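Trainee: Generate a structure from the sequence data that follows.
(chains A and B, ligands or ions: 2)
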Amino acid sequence: MDLHFQFDWQAAIASLPYLLKGVPYTLLISFGGLAIGFVIGMLFGLMRIAPSRWLRYPAVFYIEVFRGTPVLVQVLFIFYGLPTLLGGPIDALTAGIAAIALNAGAYISEIVRGGVQSIERGQREAGLSLGLSATQTFQYIIWPQALRRMIPALGNQGIVSIKDTSLFSVIGVGELVRQGQVYIAQTFTALEVYFMIALLYLAITLSLSMALSLLERKGLVG
Amino acid sequence: MKDDKQIQRDATPIVRLDKNDNKQIQRDAAPIVRLDKVNKHFGELHVMRDIDLSVAPGEVVVIIGASGSGKSTLIRCVNGLEPFQSGRIEVDGKTLAPHGASGKSLQAVRTEVGMVFQQFNLFPHLSIRDNVTLAPRKVRGWSRRQANTTAERLLERVGIADQADKYPSQLSGGQQQRVALARALAMEPRLMLFDEPTSALDPEMIGEVLDAMRELAKDGMTMMIVTHEMGFAREVADRVVFVHGGEIVEQGTPEAVFDDPQHERTRAFLSRVLKH
Ligand SMILES: Nc1ncnc2c1ncn2[C@@H]1O[C@H](COP(=O)(O)OP(=O)(O)OP(=O)(O)O)[C@@H](O)[C@H]1O
Ligand SMILES: [Mg+2]
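Mentor: Ligands and ions are numbered 1, 2, ... in the order given. Next comes the predicted model:
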């Protein structure tokens, strides 16, 4: 037996069509989850710095719970646990999107809080002193500046969440890793397939990084 | 400086012509600002003690005093940036109640009161033009066109007409502060507040900002100015107010306060700041 294992490029290329079927699921779960997570993060991030404790405390609770527990446990809870509470099944795709949304939402809440709090107090005072309402001051002055400062951290969270979706093979949703596992079971080409999976993740995360740095540079004036 | 100004004498008896020759202080009209026994604490610290102060339309009031005496707090109360605990503040006929007025009434006051800050506080993500037009469009509901026209006129007036498409970080400190002035004026305020508008500037840029303020005073704007520029205070102030430890210790014409201060505190302060 030849112990010097050769990397079989042909096997790697051959797996590609099958693996690519997982990419839409990976993208859907990560970007769908992140989009919802952003809305959640904006809401809870702002609640987190609200003057009223009735807004602040629930936000703190949510953030601590979903930051402090593994995303894998969260998705298992949603997929296997929740149905017994709800009395009906949840499909794996929905469970995956929900887990990313809730998990990323907790981190994004903190990013939003940090971004908004990083804007100098004088900006708010200048807006208010001009007669803008608190809402207008936030909308036209604080938020655009905060958002710009948040881009690097958001990009970071995006990459983490994209990679987190790889855990969701456990609930059987046909994302990249799941596709790979099924393929490997038939072909026994673990090395090549996992290598290709890694490359595909890298392609997705690099695209995101580049898109964001472009956005950052384009928006960087003043 | 005073000799080449044109005097527009007006026949109305309630009007007194003052040192900024073609402007008029309406001392008999209702004051634009009236503080009535205002008290303010920061925790244990009592930073405004029974402050009474009225400002007549057209009047330029300069507030002086040592660091920490409460000058900033005083003028920030006038547009509700600081809440106060007791007393009453009336601005342009609207009352600010203690413990923070409601959002709507605060906004109504702030719409009529402009403010220039020590650190300029321009909006870094907006062009100079948008800095100036934002509030008139969103608060006054002006069209972009109308707001732009006004912005152009104001920027020209403060001497930076050709910079409208730039961003704040591309301007010098003096230019930024003049934009801040134009931004406040775009709302057509009845009263302007200045909190040490030249303290963050390099010495060579102080003059251009003071010039713009001088012009504004000449045009009859009502102004409350906190400054350490004593020469400027003497020149433009109709009244100088000396604050110490949260109290108004002494006030009067610049001549009275600077040349013949009645209180030991005032004398001590002036001898310190006028020494150099
Ligand atoms: N937000 C705050 N919280 C607590 N104390 C404050 C706050 N703002 C101001 N103070 C205190 O209130 C007092 C008056 O402050 P204020 O800023 O009005 O002084 P000032 O006369 O403007 O001084 P300066 O010339 O240094 O600007 C100071 O002792 C200051 O430390
Ligand atoms: Mg001050």
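Trainee: what sits against residue 172?
Mentor: This is for chain A. Neighbouring residues of A:Gly172 by CB atoms under 8 Å, 6 or more residues apart in numbering or on different chains: A:Ala92, A:Arg178. Glycine gets a C-beta too; all of them are placed from N, C-alpha and C.
Trainee: let's do chain B instead
Mentor: Neighbour list for B:Ser172: B:Met205 [criterion: CB under 8 Å, 6+ apart].
Trainee: Quick check: it vs chain A, distance?
Mentor: According to CB to the nearest CB, to the nearest Å, B:Ser172 and chain A sit 15 Å apart.
Trainee: in what helix or strand does residue 75 lie?
Mentor: Here I'm looking at chain A. For A:Val75, the element it lies in under DSSP states H and E is helix A:71-76.
Trainee: Correction: the question concerned chain B.
Mentor: Using DSSP H and E, B:Ile75 sits in helix B:71-78.
Trainee: Close to chain A: what parts of chain B are there?
Mentor: In this structure, chain B approaches chain A at residues B:79, B:81, B:103, B:106-107, B:110-115, B:117, B:119, B:121-127, B:134-135, B:138-139, B:167-170, B:180, B:183-184, B:187, judged by CB under 8 Å from any CB of the partner chain.
Trainee: about what we covered before: avg pLDDT for the helix holding A:Val75?
Mentor: Here helix A:71-76 scores 97 as its mean pLDDT.
Trainee: Tell me which residues are up against the helix or strand following it.
Mentor: Using DSSP H and E, the helix or strand that follows helix A:71-76 in sequence is helix A:82-86. Residues outside helix A:82-86 that contact it (CB under 8 Å, 6+ apart) are A:Pro89, A:Ile90, A:Ala95.
Trainee: count of neighbours near B:Val113?
Mentor: 28 (other CB atoms under 10 Å in any protein chain shown).
Trainee: Surely it is in contact with B:Phe194?
Mentor: No - B:Val113 lies out of contact with B:Phe194 (CB atoms under 8 Å); the separation is 11.6 Å.
Trainee: Point out where the stretch 1-150 of chain B drops to low pLDDT.
Mentor: B:1-23, B:100-101 (pLDDT under 70).
Trainee: in it, which spans are strands?
Mentor: Using DSSP state E, counting those that start in this stretch, the strands of the stretch 1-150 of chain B run over residues B:16-17, B:24-25, B:33-42, B:45-55, B:60-65, B:86-91, B:94-96, B:113-116.
Trainee: Can you list the strands that the fourth one pairs with?
Mentor: This points to strand B:45-55. Its sheet considered, strand B:45-55 pairs with strand B:33-42 (antiparallel) by DSSP bridges.
Trainee: Enumerate the residues of chain A near chain B.
Mentor: Checking chain A against chain B by CB under 8 Å from any CB, the hits are A:120, A:122-123, A:125-134, A:136, A:140-141, A:144-145, A:148, A:221-222.
Trainee: For the most centrally placed residue in chain A, give me its contacts.
Mentor: With distances taken as CA atoms, centre = their mean, A:Ser161 lies nearest the centre of chain A, 3.4 Å away. By CB under 8 Å, 6+ apart, the residues touching A:Ser161 are A:Ser30, A:Gly33, A:Leu34, A:Gly37, A:Ile100, A:Asn103, A:Ala104.
Trainee: From what I see, the last one and A:Val39 are in contact.
Mentor: Read that as A:Ala104. No - using CB under 8 Å as the test, A:Ala104 is too far from A:Val39 to be in contact (10.7 Å).
Trainee: These two - which one has more neighbours?
Mentor: Using other CB under 10 Å, the more surrounded residue of A:Ala104 and A:Val39 is A:Ala104, with 29 against 13.
Trainee: pLDDT wise, what is the closest residue to the more buried one other than its chain neighbours at?
Mentor: The shortest distance from A:Ala104 to any non-neighbouring residue, by CB to CB, 6 or more residues apart in numbering or on different chains, is to A:Gly37 (3.4 Å). The score at A:Gly37 is 98. That number is its pLDDT.
Trainee: tell me the phi and psi of A:Gly37?
Mentor: The phi and psi values for A:Gly37, taken as degrees, to the nearest 10, are phi -60, psi -30.
Trainee: That one and chain B, how far apart?
Mentor: 25 Å.
Trainee: what helices or strands is the longest helix anywhere in chain A leaning on?
Mentor: Counting by DSSP state H, the longest helix found in chain A is helix A:190-218. In this structure, helix A:190-218 makes packing contacts with helix A:9-20, helix A:23-48, helix A:143-164, helix A:176-187, judged by 3 or more CB pairs under 8 Å, 6 or more residues apart in numbering or on different chains; DSSP states H and E.
Trainee: Just the buried residues of it, please?
Mentor: A:Glu192, A:Val193, A:Tyr194, A:Met196, A:Ile197, A:Leu200, A:Tyr201, A:Ile204, A:Thr205, A:Leu208, A:Leu212 (16 or more other CB atoms under 10 Å in any protein chain shown).
Trainee: do stretch B:244-252 as well
Mentor: Buried residues in stretch B:244-252, counted by 16+ other CB under 10 Å: B:His244, B:Gly246, B:Glu247, B:Ile248, B:Val249, B:Glu250, B:Gln251, B:Gly252.
Trainee: ok, of the residues you listed, which one's closest to chain A?
Mentor: Chain A lies nearest to B:Gly246 out of the buried residues of stretch B:244-252, by CB to the nearest CB, at 21.2 Å.
Trainee: pretty sure the closest one is in contact with B:Gly68, am I right?
Mentor: No - using CB under 8 Å, B:Gly246 is not in contact with B:Gly68, being 9.5 Å away.
Trainee: What segments of the stretch 101-250 of chain B are helices?
Mentor: Assigned by DSSP state H, counting those that start in this stretch, the helices in the stretch 101-250 of chain B fall at B:103-112, B:128-138, B:144-157, B:173-185, B:203-218, B:230-236.
Trainee: hang on, the earlier thing: return the most buried member of the strands of the stretch 1-150 of chain B.
Mentor: Sort these by mean neighbour count, taking mean count of other CB atoms under 10 Å in any protein chain shown, and strand B:113-116 sits at the top with a mean of 28.
Trainee: which neighbours does that strand have in its sheet, and in what orientation?
Mentor: Applying DSSP bridges to the sheet, strand B:113-116 is found paired with strand B:191-195 (parallel).
Trainee: relative orientation of the partner strand and helix B:71-78 in degrees?
Mentor: 150 degrees (axes from the mean of the first three to the mean of the last three CA atoms, to 10 degrees).
Trainee: can you list the residues that contact strand B:191-195?
Mentor: B:32-33, B:55, B:71-72, B:75-76, B:78-79, B:91-92, B:112-118, B:184-185, B:213, B:216, B:221-227.
Trainee: I'd like the mean pLDDT over that strand, please.
Mentor: On average, the pLDDT along strand B:191-195 is 98.
Trainee: Give me the buried positions along that strand.
Mentor: Those would be B:Leu191, B:Met192, B:Leu193, B:Phe194, B:Asp195, for strand B:191-195 by 16+ other CB under 10 Å.
Trainee: Distance of the second one relative to chain A?
Mentor: Pointing back at B:Met192 there. Distance from B:Met192 to chain A, by CB to the nearest CB: 11 Å.
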